[in-house]
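Colleague: Predicted model follows, preceded by the sequence.
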Amino acid sequence: GNGLKRIYIKYRNSNGNESAIAWAKITLNSGSPTPGPTYISGVIEGNNEWTSTGSPYIITADAIVANNSILTIDSGVEVKFDGDYYLYIDGTLKAEGSEGDTIIFTSNRSEPSIGDWESIKFRNSSVDAECILSYCKIMYSKNGVNIESSSPTIEHSLITHNQRGIYCNWSDSHPNILNNTVSYNTNEGINCNSYHGGVVTGNTVEHNGKGIINTDITRNNTIINNTYGFYVESGGGCTITEISGNTISGNSKTGIYISGFPVRGTNGITGNTIKNNGTGGSSYEYSRIFCRDFQGTISDNTISDNGNGIWNGTGSYPPNLTVTNNDIYNNLNYDFKHTRSNNVEAKQNYWGTTDAGQIATKIYDYYDNFNYGKVDYSVILGNSYTIPITGPTAPSLIINNGDLTTSSEQVDLTLSANGATEM
């Protein structure tokens, strides 16, 4: 068939003496691809193209795109794994389908099930800037896309019915995960719990065990109907760059779960809508946001209709949490539960009411258990943080009815503030 081939040559003279074996590589291309199925295993070297004519491509043993080699997969191609095998990428993989003609990576079984094959595994020598999975479907694997010390782009793809959808298992992985649907994966949808994490933007992540595990940018995603929505648990401490603009809803346990030694938030948890999470229980796991040793700011979020609103749990490191300018109300158990010995600042939030006594019934702190610190909510917003506060224009000051000179020791002042809607 077509592709990279090796030619072996041995010379024998008239006396019957034989030379050593020499070999060289050549690429055969007949101009018309051989109709599929095409069976693949071993080393893939050189510049290769998998076409719709040669489809399906059936992986019969571990296969590897070698260093300095390129595999291009055309729209409409099916790649089927006939067992517990990897497709390793040490060079470049370009799998770019189209909206109406996707590339499929799946099991070769007639009745496929989750975990039938291993993964597409990008390794350290793969070419980050050129490796891409776009408009692909990845199904029935253990770890659909396995990213090891590499940073490919995964976009506009459906990653479903795997044990893990996308899995980064080394600290220097930093993939771009953009505008995908990641669903029905039994363990995690997206797991980038590495030191650098990934850019996870614009995805729909639903019906997974844990929706997103990420320590870098998690922005503008829809994270719904998972067991946990967003989840980070770090034994050695880490920094989360950003959790912003996400809709986190309907997750059966925690909307955002953060626990570490410690976990620092560079740009904090901001601008998210987090509703209807953890409504089935009252423990810390049934919360909109659960924090243990999170050092950062929670601001400009809507936090409502969850089991608990925010639960700031007991930890081992000095606390540094600020909660401000949020809407926190109508959560089933508590709007804010604080189970640490320190005090915490939660000023300038909207609690669904301005009645301090009513707010106090939805806050659990020192006044419920003397072992814990106090929640300072002394500055209360009268409306949602999303409604701008309107007030007076600059005040006017009139001295002696506008007379700029006076010989009197008594000065008359008139101060007015017009245009206020709320004082």
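Modeller: Cool, got the structure. Numbering: from 1, shown residues only.

Colleague: what residue ranges in the stretch 251-400 of the chain score low on pLDDT?
Modeller: 281-282, 286-287, 389-400 (pLDDT under 70).

Colleague: the strands in it, which residues?
Modeller: Under the criterion DSSP state E, counting those that start in this stretch, strands of the stretch 251-400 of the chain are mapped to 256-265, 269-270, 273-275, 289-299, 302-304, 310-313, 320-324, 327-329, 336-338, 344-345, 363-364, 375-376, 396-399.

Colleague: okay, those in a markdown table with mean neighbour count and distance to residue 168 next?
Modeller: All C-beta atoms are positioned from the backbone trio N, CA, C, and that covers glycine. Formatted as a markdown table, the strands of the stretch 251-400 of the chain follow (neighbours: other CB atoms under 10 Å; distance: least, CB to CB, whole Å):
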| stretch | mean neighbour count | distance to residue 168 |
| --- | --- | --- |
| strand 256-265 | 22 | 17 |
| strand 269-270 | 24 | 21 |
| strand 273-275 | 22 | 25 |
| strand 289-299 | 24 | 21 |
| strand 302-304 | 23 | 29 |
| strand 310-313 | 26 | 26 |
| strand 320-324 | 19 | 27 |
| strand 327-329 | 24 | 33 |
| strand 336-338 | 26 | 32 |
| strand 344-345 | 18 | 33 |
| strand 363-364 | 22 | 36 |
| strand 375-376 | 19 | 36 |
| strand 396-399 | 11 | 61 |
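
Colleague: Now these in TSV, please, with extra columns for distance to residue 184.
Modeller: Shown next, in TSV, are the strands of the stretch 251-400 of the chain (distance: least, CB to CB, whole Å):
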stretch	distance to residue 184
strand 256-265	21
strand 269-270	27
strand 273-275	22
strand 289-299	25
strand 302-304	27
strand 310-313	28
strand 320-324	34
strand 327-329	32
strand 336-338	32
strand 344-345	38
strand 363-364	36
strand 375-376	39
strand 396-399	64
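
Colleague: Specify the stretch among these that is closest to residue 106.
Modeller: strand 256-265 (31.6 Å; CB to CB).

Colleague: which other residues reach the closest one?
Modeller: Under the criterion CB atoms under 8 Å, 6 or more residues apart in numbering, residues 228-240, 243, 248, 269, 272, 274, 285, 287-297, 313, 315-317 lie in contact with strand 256-265.

Colleague: Compute the inter-axis angle for that strand and strand 289-299.
Modeller: Here the directions of strand 256-265 and strand 289-299 differ by 50 degrees (axes from the mean of the first three to the mean of the last three CA atoms, to 10 degrees).

Colleague: who does strand 256-265 pair up with?
Modeller: strand 228-234 (parallel), strand 238-240 (parallel), strand 289-299 (parallel) (DSSP bridges).

Colleague: Out of those, which is closest to residue 67?
Modeller: strand 238-240 (30.9 Å).

Colleague: To residue 6, which of the strands paired with strand 256-265 lies closest?
Modeller: Of those, nearest to residue 6 by CB to CB is strand 238-240, at 46.7 Å.

Colleague: which other residues reach that closest one?
Modeller: By CB under 8 Å, 6+ apart, strand 238-240 touches 195, 197, 214-216, 232, 258, 260, 263-266, 296.

Colleague: let's see 7 Å
Modeller: For strand 238-240, contacts defined as CB atoms under 7 Å, 6 or more residues apart in numbering pick out 195, 215, 232, 260, 263-266.

Colleague: Show me what secondary structure element comes after that strand.
Modeller: As assigned by DSSP states H and E, the chain's next helix or strand after strand 238-240 is strand 242-244.

Colleague: if we can go back for a sec, closest one of the contacts of strand 238-240 to residue 223?
Modeller: residue 232 (13.3 Å).

Colleague: and the closest one, what is it in contact with?
Modeller: Applying CB under 7 Å, 6+ apart, the residues near residue 232 are 193, 213, 215, 240, 258, 260, 263.

Colleague: what pairs with the nearest residue to the fifth one once chain neighbours are set aside across the strands?
Modeller: The reference is to residue 258. Using CB to CB, 6 or more residues apart in numbering and skipping the chain neighbours, the partner closest in space to residue 258 is residue 294 (4.7 Å). Counting by DSSP bridges, residue 294 is bridged to residue 263.

Colleague: I figured residue 294 hits residue 321, correct?
Modeller: Yes. Using CB atoms under 7 Å, residue 294 is in contact with residue 321, at 6.1 Å.

Colleague: returning to what we had before: could you identify the most distant pair in the contacts of strand 238-240?
Modeller: 195 and 265 (15.7 Å).

Colleague: Low-confidence stretches in the stretch 101-250 of the chain?
Modeller: In the stretch 101-250 of the chain, residues with pLDDT under 70: 171, 194-196, 235-236.

Colleague: if we go to 90?
Modeller: For the stretch 101-250 of the chain, applying pLDDT under 90 flags the ranges 169-173, 192-198, 214-216, 232-241.

Colleague: circling back to that earlier point, what's the closest of the contacts of strand 238-240 to residue 347?
Modeller: The nearest member of the contacts of strand 238-240 to residue 347, counting by CB to CB, is residue 265 at 18.2 Å.

Colleague: separation between that closest one and residue 289?
Modeller: Taking CB to CB, to the nearest Å as the measure, residue 265 falls 11 Å from residue 289.

Colleague: Residue 253 too?
Modeller: 12 Å.

Colleague: And for residue 224?
Modeller: The spacing between residue 224 and residue 289, counted by CB to CB, is 16 Å.

Colleague: And for residue 355?
Modeller: Counting by CB to CB, the gap from residue 355 to residue 289 is 24 Å.

Colleague: For the chain, which segments are assigned as helices?
Modeller: 356-360 (DSSP state H).

Colleague: Pull the distance from stretch 90-109 to the chain's centre.
Modeller: On the basis of CA atoms, centre = their mean, to the nearest Å, stretch 90-109 sits 22 Å off its chain's mean C-alpha point.

Colleague: Quote the end-to-end distance of it.
Modeller: 27 Å (CA to CA, to the nearest Å).

Colleague: Quick check: buried residues in it?
Modeller: 90-97, 102-108 (16 or more other CB atoms under 10 Å).

Colleague: and what of stretch 50-66?
Modeller: Buried residues in stretch 50-66, counting neighbours by 16+ other CB under 10 Å, are found at 50-52, 54-59, 62-66.

Colleague: okay, those residues in JSON lines with pLDDT next?
Modeller: Converted to JSON lines, these look like this (pLDDT from 0 to 100):
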{"residue": "50", "pLDDT": "98"}
{"residue": "51", "pLDDT": "97"}
{"residue": "52", "pLDDT": "97"}
{"residue": "54", "pLDDT": "97"}
{"residue": "55", "pLDDT": "98"}
{"residue": "56", "pLDDT": "98"}
{"residue": "57", "pLDDT": "98"}
{"residue": "58", "pLDDT": "98"}
{"residue": "59", "pLDDT": "98"}
{"residue": "62", "pLDDT": "98"}
{"residue": "63", "pLDDT": "98"}
{"residue": "64", "pLDDT": "98"}
{"residue": "65", "pLDDT": "98"}
{"residue": "66", "pLDDT": "98"}
